[in-house]
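**Student:** output the structure for:
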Amino acid sequence: MLRRTILSFTLLFGLCLNVTVAQKKNTIAPANREQERRSFAMNVARAINAAEANYKKTHQTYATWDILLGAGDFSESGTKWSSESFPTVAHAMYGRGPEIVAGWKLRLTLSANGNAYDLLLEDANDPKCGYAIVSDERGQIRESKFLDCAS
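**Tutor:** Numbering: from 1, shown residues only. From the prediction side, this is the model:
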């Protein structure tokens, strides 16, 4: 009788533990996906900043997105301005459309004399919070979202 009680208790404990672990795995996955998307955007901004710095060094002015595409800095086969340690950025398919890469909209604004730029990389799949990456010619990268976003 004692053996059955111990065995039943052990099985019940194991089942509860298994359910708890399964629930934790499900709650962690979306956060990891979101972190991966944000990390991707930050690394795209770093690649754009590197391409802009290189273009400025050789042309004494910053480039529009169309110029960076035309010069081959970004293409349908990727970019040379990303670290191979982040292959999703290095090998992404970049284009001219409203989304320069799937799920991300770019607004790259140059000053009148071409000596400065502002970069806004918006998450096209986040209308609730408006997550975006912001940078400029100084190379500092910032994260932003709508002020009234709860998350």
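
**Student:** quick one: low-confidence ranges for this structure?
**Tutor:** 1-31, 151 (pLDDT under 70).

**Student:** again, 50 this time
**Tutor:** 17, 19-28 (pLDDT under 50).

**Student:** strands along that one, start to end?
**Tutor:** 74-75, 78-79, 99-101, 104-110, 117-123, 132-136, 141-144 (DSSP state E).

**Student:** closest to residue 32 out of these?
**Tutor:** strand 117-123 (16.2 Å; CB to CB). Heads up, the C-betas are built off the backbone N, CA and C, glycines and all.

**Student:** tell me how far the closest one lies from the chain's centre.
**Tutor:** 12 Å (CA atoms, centre = their mean, to the nearest Å).

**Student:** do stretch 70-85 as well
**Tutor:** Between the centre of stretch 70-85 and the centre of its chain there are 16 Å (CA atoms, centre = their mean).

**Student:** next: stretch 87-106.
**Tutor:** 10 Å.

**Student:** mind starting the numbering at 11 from now?
**Tutor:** Yes, from this point I'll number from 11; that puts the last item at stretch 97-116.

**Student:** so how far does that stretch reach from one end to the other?
**Tutor:** End-to-end distance for stretch 97-116, by CA to CA, to the nearest Å: 20 Å.
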